[in-house]
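In: can't give you the sequence, but here's the structure:
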């Protein structure tokens, strides 16, 4: 019998019996973990309120063996809230749908339980913190998270130099199968020709240049979203179920300065 303590993000929950739940947590030191939380569905359970999706928690697991991930599911015996990101996310539909897609993405990129993936964990914590703050449009935060998750997973797209031969950019064509933008010589059938502004936006989201990203017009943001979705679908081999529900209505063009009145 062993006790394990770690901090993590609650990805999802499932009902078990009359009062229990199975919780899925992406932890810092043990990767993705599924555990049983007993009695958390009872009305008076404060323990259960801390184990809702989007919650950043310090959690203790009890395992019957020497390893956390074994034949049976460990028990979640104690938890403390580090940050309740759900409070700033579930109250807004656009943030909620974007956040749900982020949780699903993190789960998909951590296929094997018990294998640490610190980069993906830190990326999710930062993404949820930014989303909950409302500092940037939720659609932009989601696209930035998807691009960086792909990069952490070894599928970083190129938005400048040719993804095949390395020819310095800017390059006109974009191919999901080739790894991003390609030059005229490396162009393959099925390549598209996105606008330079959309490629510039995606490059800014990948590198964290929020000044450029926030200044993008909504039409270029929508174009970029299409490229991100296609690229993600190609490399995951199947799309995310939650992406179809994402609300992109908060992607609006930045306000234009009104002309000064004549003296």
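Out: Received it, and whenever you're ready, just let me know what you need. Since this is a predicted model, take the numbers as computed values, not measurements.

In: where does this structure dip in pLDDT?
Out: Applying pLDDT under 70 to the chain picks out residues 1, 43-48, 65-67, 70, 250-263.

In: counting contacts, what elements does the strand or helix carrying residue 61 pack onto?
Out: With elements taken from DSSP states H and E, the one containing residue 61 is strand 55-63. Based on contacts counted as 3 or more CB pairs under 8 Å, 6 or more residues apart in numbering; DSSP states H and E, the elements that strand 55-63 packs against are strand 2-16, strand 20-27, strand 75-84. Every residue, glycine included, has its C-beta placed from N, CA and C.

In: nearest to residue 186, out of the ones you listed?
Out: Go through the helices and strands packed on strand 55-63 one by one with CB to CB and the one that ends up closest to residue 186 is strand 20-27, at 36.7 Å.

In: give me the sheet partners of the closest one and which way each runs.
Out: Strand pairing for strand 20-27, determined by DSSP bridges: strand 2-16 (antiparallel), strand 31-37 (antiparallel).

In: right, and those strands - which one's nearest residue 112?
Out: The closest of the strands paired with strand 20-27 to residue 112 is strand 31-37. By CB to CB, the value is 7.1 Å.

In: wouldn't residue 69 be in contact with residue 27 here?
Out: No: the criterion here is CB atoms under 8 Å, and residue 69 misses it with residue 27 at 11.0 Å.

In: OK, contacts around residue 245?
Out: Contact criterion CB atoms under 8 Å, 6 or more residues apart in numbering gives 97, 100 as the residues in contact with residue 245.

In: what about residue 98, distance to residue 16?
Out: Using CB to CB, to the nearest Å, one obtains 28 Å as the distance from residue 98 to residue 16.

In: check residue 190 too.
Out: Distance of residue 190 to residue 16, computed by CB to CB: 45 Å.

In: what do you get for residue 118?
Out: Taking CB to CB, one finds residue 118 at 29 Å from residue 16.

In: quick one: which of the two has more around it?
Out: Using other CB atoms under 10 Å as the criterion, residue 118 and residue 16 rank with residue 16 on top: 16 against 12.

In: correct me, but that one touches residue 35?
Out: No: the pair residue 16 and residue 35 fails to qualify as a contact (CB under 8 Å) at a distance of 10.7 Å.

In: what segments of the stretch 151-263 of the chain are helices?
Out: 196-207, 210-214, 218-236 (DSSP state H, counting those that start in this stretch).

In: distance to residue 80 added to these, as TSV?
Out: As requested, those are exported to TSV (distance: least, CB to CB, whole Å):
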stretch	distance to residue 80
helix 196-207	33
helix 210-214	31
helix 218-236	33
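
In: highest mean neighbour count out of those?
Out: Across the helices of the stretch 151-263 of the chain, the average number of neighbours (mean count of other CB atoms under 10 Å) peaks for helix 196-207, which reaches a mean of 21.

In: helices and strands around that helix, which ones?
Out: Using 3+ CB pairs under 8 Å, 6+ apart, helix 196-207 is in contact with helix 138-152, helix 210-214, helix 218-236.

In: host element of the residue positioned nearest the centre of the chain?
Out: The central residue of the chain, meaning the one whose C-alpha is nearest the mean C-alpha position (CA atoms, centre = their mean), is residue 102 at 3.0 Å. Element membership for residue 102, per DSSP H and E: helix 93-108.

In: off-centre distance for stretch 13-22?
Out: For stretch 13-22, the distance between its averaged C-alpha position and the chain's averaged C-alpha position is 25 Å (CA atoms, centre = their mean, to the nearest Å).

In: can you give me the buried ones in it?
Out: 13, 16, 20, 21 (16 or more other CB atoms under 10 Å).

In: what sits against the first one?
Out: Residues in contact with residue 13, defined by CB under 8 Å, 6+ apart, are 21, 22, 23, 24, 51, 52, 53.

In: just residue 88 next, same as before
Out: By CB under 8 Å, 6+ apart, the contact list for residue 88 reads 95, 131, 132, 133, 134.

In: how close does residue 171 get to residue 84?
Out: From residue 171 to residue 84 the distance is 44 Å (CB to CB).

In: then residue 208?
Out: Noted for residue 208: a distance of 25 Å to residue 84, by CB to CB.
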